[in-house]
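> Here is the input, now give the coordinates:
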Amino acid sequence: MLRLAELAAKKRRRVVGLMSGTSADGIDAVLVDLWGCGASTRYEILAFNTTPLPGDLRREVFALFAEEASLDALCRVNFALGEAFATAALAAVEQAKLNPESIDLIGSHGQTVRHLPASGATLQIGEPAVIAARTGAVTIADFRTADMAVGGEGAPLVPQVDHLLFGHRREGRLLLNIGGIANITALPANADTSAIRAFDLGPGNMLIDAAVAHCTGGREHFDQGGQRAARGRVDEALLAELMGHRFLQREPPKSTGREEFGEPFLAQVLGRGTWSDDDLIATLTAFTVQAMAAGISRFCPGEFAKLWVGGGGVHNPRIMAGLRHALPDLAVQSLAELGVDPDAREALAFAVLANETLMGRAGNVPAATRAQHPVVLGKIALPGPVVGD
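Okay, here's the model as predicted:
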């Protein structure tokens, strides 16, 4: 359509990237100016913020994670999240002291409520038509499904952006994201996409957050500064048992989610014994660290000297110290050292992926997702009124 052609012809596009992860604690919104596409992509971050989900909406989202979730609730929450994503996008625009009319494009990952790669199915909600209508910007969303349609797992999708933004001619780089789930991108020096290795490692903050909520009766939702884990003692027998989990043994490509490491998994752990609150959180923190370290050591061979970390886990000193201890041959550093806010990485990724889609370029990495071939990702929602060609 004419509007899309006009956007694609612009030398500089102003894009909002939106992301709500498996922890479902808030919506990350990054506002960027983008130039070019593909290997010529350049960007400048103008604003970044995280908009917490209202308590009632967050409870409704978590209710959808249950097997008995209702279709009526799914429909309602899909539209309610669309409103919330639009609000987060407009907040980023306001933070930059810009007008909504200046926004060319929005890329929204949405909120995952089911990820079933073994069944070839996934579902992200947060209605893009609502986002487009409220913001007035072309909105691209539902990025995972096109990859799944050609045999992929629909995740991880960040590797293509990592390759475009952080690949280096002379230096191999490991990029770790610790959100609800932890995932890794291995970029050998001067690599093309066929050499990229990327996959989910296992739980990131998800189990720790769930344990804190359980231990505090829902009053707290994460281990602030890793303080609870620091006070506790690790149960080595339980840790060894958890490290035998089948997902950790699987060869990549692989992806996972709340279905494997969410509240049902925590319930299984709680059924195996009795621990003090701090000991439980310390043990789950150790499991999170060891699962990440084991996956990196086993499945990321190559000449890598540095591990760059983004996502909420970068703010947990126990996790960062644990990684440095478990991976002594790697310099473990925050992604901030590369000039990127570590909390903004995934939202930035979906701004870039939306730009790639606008330009008709593939956004998946088949080596990472198991897809049969590269595909253009996402579905496009246009704000009205429609102007004819």
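> Tell me where the model's unsure across the stretch 51-200 of the chain.
For the stretch 51-200 of the chain, no stretch has pLDDT under 70.
> Can you show me the strands along it?
Along the stretch 51-200 of the chain, counting by DSSP state E, counting those that start in this stretch, strands occupy 105-116, 121-125, 138-141, 173-178, 181-187, 197-203.
> so which of these gets nearest residue 298?
strand 197-203 (10.2 Å; C-beta to C-beta). All C-beta atoms are positioned from the backbone trio N, CA, C, and that covers glycine.
> Summarise which helices and strands that closest one is packed against.
When contacts are defined as 3 or more C-beta pairs under 8 Å, 6 or more residues apart in numbering; DSSP states H and E, strand 197-203 packs onto helix 158-166, strand 181-187, helix 277-299, helix 366-369.
> What residues does the closest residue to residue 27 other than its chain neighbours make contact with?
Nearest residue to residue 27, sequence neighbours excluded (C-beta to C-beta, 6 or more residues apart in numbering): residue 88, at 4.0 Å. By C-beta atoms under 8 Å, 6 or more residues apart in numbering, residue 88 lies in contact with 18, 27, 28, 29, 49, 51.
> can I assume the third one sits in a strand?
This points to residue 28. Yes - according to DSSP: H, G, I helix; E, B strand; the rest coil, residue 28 belongs to a strand.
> which residues pair with it across the strands?
Note on residue 28: beta-bridge partners by DSSP bridges are residue 19, residue 50.
> Double-check it against residue 343; I have them as touching.
Yes - in this structure, residue 28 is within contact of residue 343 by C-beta atoms under 8 Å, at 6.5 Å.
> okay, and the common contacts of those two?
The contact sets of residue 28 and residue 343 overlap at 48, 50 (C-beta under 8 Å, 6+ apart).
> Looking at those two, which has the bigger crowd around it?
Higher neighbour count among residue 28 and residue 343: residue 28, with 27 against 21, using other C-beta atoms under 10 Å.
> and that one, how far is that from residue 109?
9 Å (C-beta to C-beta, to the nearest Å).
> Pull up the overlap in contacts between those two.
With C-beta under 8 Å, 6+ apart as the test, residue 28 and residue 109 both reach 18, 19, 20, 346.
> ok, so of those residues, who is nearest residue 320?
residue 346 (18.4 Å).
> Show me how this structure divides into domains.
The record's domain parsing of the chain by automatic domain parsing lists 2-155+344-381, 158-338.
> pretty sure residue 255 contacts residue 117?
Yes - using C-beta under 8 Å, residue 255 is in contact with residue 117, at 5.4 Å.
> Between those two, point out the one with more neighbours.
Neighbour count, other C-beta under 10 Å: between residue 255 and residue 117, residue 255 has more, with 25 against 22.
> what about that one, is that helix, strand or coil?
coil.
> List the residues that contact it.
Contact analysis of residue 255 by C-beta under 8 Å, 6+ apart lists 115, 117, 153, 154, 155, 156, 183, 199, 200, 369.
> One more pass at 6 Å, please.
Counting by C-beta atoms under 6 Å, 6 or more residues apart in numbering, residue 255 makes contact with 117, 153, 155, 200.
> what does residue 75 give?
Contact analysis of residue 75 by C-beta under 6 Å, 6+ apart lists nothing.
> cool, residue 230 as well?
residue 318.
> Let's see that with 8 Å instead.
By C-beta under 8 Å, 6+ apart, residue 230 lies in contact with 282, 317, 318.
> still on that earlier bit, between the contacts of residue 255, which sits nearest residue 8?
residue 155 (26.7 Å).
> Just say which of the helices and strands packed on strand 197-203 is most tucked in.
strand 181-187 (a mean of 26; mean count of other C-beta atoms under 10 Å).
> what's the angle from that one to strand 105-116?
If you take axes from the mean of the first three to the mean of the last three C-alpha atoms, to 10 degrees, strand 181-187 sits at 120 degrees to strand 105-116.
> between strand 181-187 and strand 197-203, how big is the angle?
160 degrees.
> Show me what strand 181-187 is packed against.
Against strand 181-187 (3+ C-beta pairs under 8 Å, 6+ apart) you get helix 158-166, strand 173-178, strand 197-203, helix 277-299.
> okay, the angle between it and helix 158-166?
50 degrees.
> Note down every partner strand of strand 181-187 and its orientation.
By DSSP bridges, strand 181-187 pairs with strand 173-178 (antiparallel), strand 197-203 (antiparallel).
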